[in-house]
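In: need a structure here:
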Amino acid sequence: MLRQRHIGAARILLPPAEPARVESRHRPGYKPGAEAIFRSRSSQTQPGRIMATERTFSILKPDATKRNLTGAVNAVIEEAGLRIVGQRRIQMSRAQAETFYEVHKERPFFGELVAFMTSGPVVVQVLEGENAVARYREVMGATNPAQAAEGTIRKKFAQSVGENTVHGSDSAENARIEIAQFFQDGDIAG
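Out: As a prediction, this is how the structure comes out:
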């Protein structure tokens, strides 16, 4: 059965509301209660249009916090149309860094990466917007700042491939996993 929504004098028929899908990830570092709704439906921007809103995860790395770039990086994120709906400044422990970068455990740079990520404070963030994962990856730019497009975070602020200012999730599924490692539902206000 269609739902009715009145906007001014217009009547819009919408499909029935879908129940929220909640997924959990059972892996090291998973925190119960962190299964937020990562895709929501909104028609507030344009009446009659249903827009998929997605969440992604970001880290401002120690090279960024050391140079007090949090505000400048946040400005680029917000100018790109993404909202910061969760943000915390933390000192990542060795165990957190090893769990977070577990996919790189067999790579030769793993130890150096863990040491770098624990060398100073980081800012962990939840970003929200239309196609947030892909959009934030565009805004970050290429891993190598020399190859990053003009105007991207890494082109503007990164010092090297290793000290490249930010991390961003590479898929919606990884975003859910990464967000759950650092945030609980009550930490996210969106």
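In: what's near enough to touch the most centrally placed residue in the chain?
Out: Centroid-nearest residue in the chain: F57, 2.1 Å away (criterion: CA atoms, centre = their mean). Residues near F57 by CB atoms under 8 Å, 6 or more residues apart in numbering: 124-127, 167-169, 174-175, 178-179, 182. The C-beta positions use only the backbone N, C-alpha and C, and glycine is treated the same way.
In: how about 7 Å then?
Out: Taking CB atoms under 7 Å, 6 or more residues apart in numbering, we find F57 in contact with 126, 169, 175, 178-179.
In: before we move on, what about I84?
Out: Taking CB under 7 Å, 6+ apart, we find I84 in contact with 74, 77-78, 125, 127.
In: so which of these is the most crowded?
Out: With neighbours taken as other CB atoms under 10 Å, the top of the contacts of I84 is L127, carrying 29 neighbours.
In: picking that back up, among the contacts of F57, which ones are buried?
Out: 126, 169, 175, 178-179 (16 or more other CB atoms under 10 Å).
In: of those, just say which sits nearest to E112.
Out: The nearest member of the buried ones among the contacts of F57 to E112, counting by CB to CB, is E178 at 20.5 Å.
In: tell me which element that closest one falls in.
Out: helix 172-182 (DSSP states H and E).
In: in that helix, which residues are buried?
Out: Under the neighbour-count criterion of 16+ other CB under 10 Å, helix 172-182 has 172, 174-182 buried.
In: now these as JSON lines including distance to E112 and pLDDT?
Out: Shown next, in JSON lines, are the buried residues of helix 172-182 (distance: CB to CB, whole Å; pLDDT from 0 to 100):
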{"residue": "A172", "distance to E112": "29", "pLDDT": "97"}
{"residue": "N174", "distance to E112": "22", "pLDDT": "97"}
{"residue": "A175", "distance to E112": "25", "pLDDT": "98"}
{"residue": "R176", "distance to E112": "28", "pLDDT": "97"}
{"residue": "I177", "distance to E112": "23", "pLDDT": "97"}
{"residue": "E178", "distance to E112": "21", "pLDDT": "98"}
{"residue": "I179", "distance to E112": "25", "pLDDT": "98"}
{"residue": "A180", "distance to E112": "26", "pLDDT": "97"}
{"residue": "Q181", "distance to E112": "21", "pLDDT": "97"}
{"residue": "F182", "distance to E112": "22", "pLDDT": "98"}
